[in-house]
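Peer 1: I would like the atomic coordinates for the input below:
(one chain, ligands or ions: 1)
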Amino acid sequence: MSDLTRRALLAGTVTAAAAASSVPSILPARAAAPAAGRQVPGIYRYKVGEFELTAINDGVNLRPVEKGFVVNAELEDVKEALEDAYLPTDKLGIPFNQLIVNTGRRVVLIDTGTGGQQAPTAGLLIENMAAAGIDPKAIDTVLISHFHGDHILGLRTKEGELAFPNAEVQVPEAEWKYWMDDGEMSRAPEGRKGNFAAVRKTFGSIAKDVKHFDADAEVVPGITAVAAYGHTPGHMTFRIASGDDQLLVLSDTANHPALFVRNPGWHAVFDIDAAMAEETRRKIFDMAAADRLRIQAYHFPFPGTGFIAKDGDGYEFVPAPWSVVL
Ligand SMILES: [Zn+2]
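Peer 2: Here you go, the predicted structure:
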């Protein structure tokens with residue numbers, strides 16, 4: 001193309017005849033649409049009875065798939081399981097999914113995400129809540145399933161302020177007992193010491209206001225804590241019931257389903273008592289499959305809600321279809 005013609009084209013002054021003769025492939029001008037370059041907000045809404053639930057994605061941790069991630073499986077078997085699920089075999093995207101339950105009387109947030117302190121690709125909870133039209137000040141109850149950093153750090157902003165200033169914070173008594181115990185901290189393996197520090201940093205200054213609950217407690221009308229020990233000493237799931245409808249919030253009963261739902265006997269490196277975690281996982285999955293119980297899970301691909309079906313020696317996660325109808 002000659003300079004003259006190109007300049008004319010750029011200036012939009014080329015004539016139709018000139019365009020047709022010299023640059024036949026040029027299409028009529030259209031408005032430029034620059035690529036957004038980022039994902040749309042991770043929010044998904046559905047109902048359980050009269051309760052309105054909003055799953056919110058805090059982001060994802062892209063974890064290298066290395067020996068030791070599944071402590072009792074060969075790396076090549078782990079990679080094969082990922083390949084069977086059409087996932088990359090070098091890095092596993094582990095999502096962080098919080099759940100907000102509007103019971104009509106209370107607005108309850110279950111787990112608080114990473115607070116942007118665990119992975120550069122996470123920390124989106126507050127931003128995604130805004131996209132869902134939910135003000136952090138409107139949260140009146142925060143329920144914590146267990147004290148791993150990706151579930152508690154979002155209770156505070158990066159500056160250390162409380163992210164949900166009007167919320168009553170409720171935590172499992174057995175988690176508090178374990179993680180706040182100086183003896184447990186001193187006996188813990190090196191790799192876990194940072195988690196003890198994070199627990200103290202998160203709850204220390206509000207310790208007297210934090211409410212503790214035991215298994216089987218109805219923590220909020222319609223939401224009951226159900227013991228799921230093993231992943232951590234006081235790890236809890238939550239049964240949400242409204243009318244005849246119910247749902248089980250699995251928390252970390254299983255990490256990514258391509259690995260740990262397919263292979264419930266596999267132990268993720270995060271489990272503190274892996275044998276107990278496996279026993280819990282099988283028991284809960286058997287119950288969920290038999291009862292066709294809808295579940296919501298913290299580390300399943302967003303929005304992480306669906307069903308658990310029995311499949312040979314393992315199980316299959318069956319995602320609920322996206323629905324425009326609440
Ligand atoms: Zn977790």
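
Peer 1: is it true that residue 217 touches residue 224?
Peer 2: Yes: Residue 217 is within contact range of residue 224, at 7.0 Å (criterion: Cβ atoms under 8 Å). In this view, the C-beta of every residue, glycine as well, is placed from N, C-alpha and C.

Peer 1: the two - which one has more neighbours?
Peer 2: residue 224 (19 against 16; other Cβ atoms under 10 Å).

Peer 1: list the buried ones in the host helix or strand of that one?
Peer 2: Residue 224 belongs to strand 223-227 when assigned by DSSP states H and E. For strand 223-227, burial by neighbour count (16 or more other Cβ atoms under 10 Å) applies to 223-226.

Peer 1: after that strand comes which helix or strand?
Peer 2: Downstream of strand 223-227 (by DSSP H and E), the next one is strand 236-242.

Peer 1: so who does residue 240 touch?
Peer 2: 48, 51, 53, 101, 222-223, 246-249 (Cβ atoms under 8 Å, 6 or more residues apart in numbering).

Peer 1: ok, back up a step: can you tell me the strand partners of the strand holding residue 224 and which way each runs?
Peer 2: Strand 223-227 pairs in its sheet with strand 218-220 (antiparallel), strand 236-242 (antiparallel), by DSSP bridges.

Peer 1: make TSV out of those and add distance to the ion.
Peer 2: What follows is the strands paired with strand 223-227, written out as TSV (distance: least, Cβ to the ion, whole Å):
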stretch	distance to the ion
strand 218-220	19
strand 236-242	13
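
Peer 1: return the most buried member of those.
Peer 2: strand 236-242 (a mean of 22; mean count of other Cβ atoms under 10 Å).

Peer 1: can the helix or strand that that one is followed by be said to contact the ion?
Peer 2: Once strand 236-242 ends, the next helix or strand along the chain (criterion: DSSP H and E) is strand 245-251. No: judged by Cβ under 5 Å from the ion, strand 245-251 and the ion are separated, with a smallest distance of 7.5 Å.

Peer 1: state the next helix or strand along the chain beyond the helix or strand of the chain with the lowest mean pLDDT.
Peer 2: Of all helical and strand segments in the chain, the minimum by mean pLDDT, DSSP states H and E falls on helix 16-22, at a mean of 47. With elements assigned by DSSP H and E, the helix or strand that comes after helix 16-22 is strand 43-48.

Peer 1: quick one: residues contacting the residue lying closest to residue 50 once chain neighbours are set aside.
Peer 2: Distances taken as Cβ to Cβ, 6 or more residues apart in numbering put residue 242 closest to residue 50, at 4.9 Å, once the chain neighbours are dropped. With contact taken as Cβ under 8 Å, 6+ apart, residue 242 is in contact with 48-51, 103, 222.

Peer 1: same check, this time on residue 137
Peer 2: 164-166 are the contacts of residue 137 under Cβ under 8 Å, 6+ apart.

Peer 1: still on that earlier bit, highest neighbour count among the contacts of residue 240?
Peer 2: residue 249 (28 neighbours).

Peer 1: wait, that residue touches residue 151, no?
Peer 2: No: using Cβ under 8 Å as the test, residue 249 is too far from residue 151 to be in contact (11.7 Å).

Peer 1: okay, and the common contacts of those two?
Peer 2: Going by Cβ under 8 Å, 6+ apart, residues that sit against residue 249 and also against residue 151 are residue 145.

Peer 1: tell me which residues of stretch 128-140 come out buried.
Peer 2: Neighbour-count burial for stretch 128-140 [16+ other Cβ under 10 Å]: 128-129, 134, 136, 139.

Peer 1: before we move on, what about stretch 204-213?
Peer 2: By neighbour count on 16+ other Cβ under 10 Å, the buried set for stretch 204-213 is 210, 213.

Peer 1: what does stretch 75-82 give?
Peer 2: Buried, per 16+ other Cβ under 10 Å, within stretch 75-82: 78, 81-82.

Peer 1: a markdown table for those residues, including secondary structure, pLDDT and distance to the ion?
Peer 2: Below are the buried residues of stretch 75-82 laid out as a markdown table (DSSP: H, G, I helix; E, B strand; the rest coil; pLDDT from 0 to 100; distance: Cβ to the ion, whole Å):
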| residue | secondary structure | pLDDT | distance to the ion |
| --- | --- | --- | --- |
| 78 | helix | 98 | 18 |
| 81 | helix | 98 | 19 |
| 82 | helix | 98 | 19 |
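
Peer 1: which strands or helices does the helix ranked longest in the chain pack on?
Peer 2: In terms of residue count, the longest helix belonging to the chain (DSSP state H) is helix 274-291. Helices and strands touching helix 274-291, by 3 or more Cβ pairs under 8 Å, 6 or more residues apart in numbering; DSSP states H and E, are strand 245-251, strand 305-311.
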